[in-house]
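Engineer: Coordinates for the following, if possible.
(2 chains)
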Amino acid sequence: MTDTTTLESIRNTVESHDVVLFMKGTPLFPQCGFSSLVSRVLQHMGVEYHSVNVLEDMDVREGIKVYSDWPTIPQLYVKGEFIGGCDIVKEMFETGELKALLDDKGIEAA
Amino acid sequence: MTETRRRIEDKLKAALAPAQLEIIDDSASHAGHAGARPGGESHFTVDIVSEAFAGKSRIARHRLVNQALSEELAGPVHALVIRARAPGE
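Structural biologist: This is a model prediction of the structure:
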């Protein structure tokens, strides 16, 4: 069960950083190909992001699925808004929509 | 056809009446990785064309697929790659 404390803590994380990636592992040591892909896209774009390793906290790992009503990880958030998982981020990167979205939200890509 | 794959097919057909549906079992390429199961059938790609996606955002399309397969995603299916298009896209 996901309690409100976990959801509040997730909300706090998502709202305290412009770009947040919930992933399995870390950007340096990703533990899943899908998580690795999204973190590499962000790095490639030169976007600064906060990453949360869900494997370190079972409450967050389950809670993030409830928070966004989305059953899989990774999950990308920009300015508090859920953007999508690996397939969506990959498609948006390829079409240039991700860059447009970040520009639109005033987030600098180096 | 294997069982999980057939259930995915049945549920997507019932929920979204796809004009085109391809289900690929990617499990073999993930063998040995966390989440892979000895019997396979853990990693799938779904390529689906349905009228139900017309005018909907990517997130909304994925949600429709995820909802149709909620039992599988909570159970044997560890990863699902989704390509969801409306006819003509």
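
Engineer: So which residues of chain B form helices?
Structural biologist: Secondary structure of chain B by DSSP state H: the helices cover B:3-16, B:58-68, B:70-74.

Engineer: Make CSV from the ones you listed and add mean neighbour count, distance to chain A and mean pLDDT to it.
Structural biologist: For glycine as for every other residue, the C-beta is placed from the backbone atoms N, C-alpha and C. CSV is the format used below for the helices of chain B (neighbours: other Cβ atoms under 10 Å in any protein chain shown; distance: least, Cβ to the nearest Cβ, whole Å; pLDDT from 0 to 100):
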stretch, mean neighbour count, distance to chain A, mean pLDDT
helix B:3-16, 16, 14, 96
helix B:58-68, 19, 5, 97
helix B:70-74, 14, 5, 93
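
Engineer: do you know which of those lies nearest residue A:46?
Structural biologist: Using Cβ to Cβ as the criterion, the shortest distance between residue A:46 and the helices of chain B is 23.4 Å, found for helix B:58-68.

Engineer: And that closest one, what does it pack against?
Structural biologist: Using 3 or more Cβ pairs under 8 Å, 6 or more residues apart in numbering or on different chains; DSSP states H and E as the contact criterion, the elements in contact with helix B:58-68 are strand A:81-84, helix A:86-95, helix B:3-16, strand B:79-85.

Engineer: between it and helix A:86-95, how big is the angle?
Structural biologist: 160 degrees (axes from the mean of the first three to the mean of the last three Cα atoms, to 10 degrees).

Engineer: Export the helices of chain B as a markdown table, with columns for distance to residue A:39.
Structural biologist: As requested, the helices of chain B are arranged in a markdown table below (distance: least, Cβ to Cβ, whole Å):
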| stretch | distance to residue A:39 |
| --- | --- |
| helix B:3-16 | 28 |
| helix B:58-68 | 20 |
| helix B:70-74 | 22 |
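
Engineer: and stretch A:68-75, how far out from the chain's middle?
Structural biologist: In this view, stretch A:68-75 has its centroid 9 Å away from the chain centroid, taken as Cα atoms, centre = their mean, to the nearest Å.

Engineer: Could you list everything the residue nearest to the spatial centre of chain B pairs with in the sheet?
Structural biologist: For chain B, the residue lying nearest the average C-alpha position, counting by Cα atoms, centre = their mean, turns out to be residue B:46 (4.0 Å). Applying DSSP bridges to residue B:46 yields these beta-bridge partners: residue B:23, residue B:82.

Engineer: which bits of chain A sit near chain B?
Structural biologist: Contact residues (Cβ under 8 Å from any Cβ of the partner chain) of chain A with chain B: A:31-34, A:69-72, A:82, A:84-88, A:91-92.
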